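Chemist: just coords:
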């Protein structure tokens, strides 16, 4: 596949809300990809060949999308951690699970010209997100997401509830209303994301608290459609997980 990708860390001041900045440029059409869940939701600026500049809010992906055509395009994306839906965007993302919502083309004062300089675009995004962070954040939610991302999903619902001083019933109600999935399901997506990073390094055995190898294989097949071995090969860069790449 004739495309290039870059990945960039956010400023430390917004790391609780942003996972990664990324760019993708694809110079040829008729390329098919399999898009696999990456445990984050995205703000995507894109300019496809023959189309107008667009901005999309892309919800959580909970299943793989096979044989998705990749257009000739230039894209810039911000992979947001779940807490950002409430405290940066001020809205649930449950209604865009496995879907996307088109935003105004001037959202956050972004424009097509911003795609010409990634460094300046990242500076602009950093500044905007910092401005939107509220002074008050529910300490239970802050602790909950710290536990999730530190453990990469390899943590039980009961342990999260105990350490965040929030009942598992309340947490699941919050997750279902805000994100459209249960906490346990989200832990599975985080573990899969971490496992994909290991697979790309050639590590075919589970490192994220799967009960056994068979369980690991089932989860990988469920979320990617293929075995861990095939996913690790990633022939022709077929599999794409927007934020799950080493950040330089």
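Modeler: Nice, thanks for sending it over. On a predicted model such as this, the values are computed, not experimentally measured, just so you know.
Chemist: contacts, neighbours, all on C-alpha from now
Modeler: Fine.
Chemist: Assign the residue located most distally from the centre of the chain to helix, strand or coil.
Modeler: Of all residues in the chain, residue 50 has its C-alpha farthest from the mean position, at 27.1 Å, by Cα atoms, centre = their mean. Judged by DSSP: H, G, I helix; E, B strand; the rest coil, the three-state class of residue 50 is coil.
Chemist: i'd like the first residue to be 39 from this point on
Modeler: With the count now opening at 39, the last piece we talked about shows up as residue 88.
Chemist: my guess is residue 143 meets residue 151, correct?
Modeler: No. The pair formed by residue 143 and residue 151 falls short of the contact definition of Cα atoms under 8 Å, at 11.7 Å.
Chemist: intersection of neighbour lists for these two?
Modeler: Counting by Cα atoms under 8 Å, 6 or more residues apart in numbering, residue 143 and residue 151 have no contacts in common.
Chemist: circling back: okay, the residue farthest from the centre of the chain and residue 223: tell me how far apart.
Modeler: To residue 223, residue 88 is 38 Å away according to Cα to Cα, to the nearest Å.
Chemist: same question, residue 97
Modeler: Taking Cα to Cα, one finds residue 97 at 15 Å from residue 223.
Chemist: who has more neighbours, the two?
Modeler: residue 97 (25 against 12; other Cα atoms under 10 Å).
Chemist: At the geometric centre of the chain, which residue do we find?
Modeler: Short answer for the chain (Cα atoms, centre = their mean): residue 78, at 2.6 Å.
Chemist: next one: phi and psi at that residue?
Modeler: Backbone torsions of residue 78, given as degrees, to the nearest 10, read phi -130, psi 160.
Chemist: Quick check: it touching residue 119?
Modeler: Yes. Between residue 78 and residue 119 there is a contact under Cα under 8 Å: 5.5 Å.
Chemist: Do you know the pLDDT at residue 282?
Modeler: Listed pLDDT for residue 282 reads 50.
Chemist: Can you show me the helices along the chain?
Modeler: Assigned by DSSP state H, the chain shows helices spanning 121-125, 156-170, 177-189, 195-202, 206-217, 221-238, 251-262, 266-271.
Chemist: Of these, flag the one that's most buried.
Modeler: Highest mean neighbour count among these (mean count of other Cα atoms under 10 Å): helix 221-238, with a mean of 21.
Chemist: Can you pull out the low-pLDDT segments for this structure?
Modeler: Along the chain, the model assigns pLDDT under 70 to residues 39-41, 67-73, 102-106, 233-255, 257-286.
Chemist: Now with 80, please.
Modeler: 39-42, 66-75, 101-109, 230-286 (pLDDT under 80).
Chemist: Pop out the phi and psi values for residue 171.
Modeler: Dihedral angles (degrees, to the nearest 10) for residue 171: phi -70, psi 120.
Chemist: would CSV of the helices of the chain with distance to residue 131 be doable?
Modeler: CSV is the format used below for those (distance: least, Cα to Cα, whole Å):
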stretch, distance to residue 131
helix 121-125, 7
helix 156-170, 17
helix 177-189, 16
helix 195-202, 21
helix 206-217, 5
helix 221-238, 14
helix 251-262, 20
helix 266-271, 28
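Chemist: which one of the ones you listed lies closest to residue 62?
Modeler: Across these, residue 62 has its closest neighbour in helix 156-170 (11.0 Å, Cα to Cα).
Chemist: Residue 54 and residue 120 touch, don't they?
Modeler: No. If you go by Cα under 8 Å, residue 54 and residue 120 don't touch, sitting 9.6 Å apart.
Chemist: More neighbours: these two, which one.
Modeler: residue 120 (25 against 18).
Chemist: Tell me who's in contact with that one.
Modeler: Counted by Cα under 8 Å, 6+ apart, residue 120 has contacts 55, 78-79, 217.
Chemist: what's the answer for residue 80, then?
Modeler: 94-97, 115-118.
Chemist: Show only the entries of the residues you listed found in strands.
Modeler: When DSSP state E defines the strands, the subset of the contacts of residue 80 inside them is 94-96, 115-118.
Chemist: Please consider this matter closed, and thank you.
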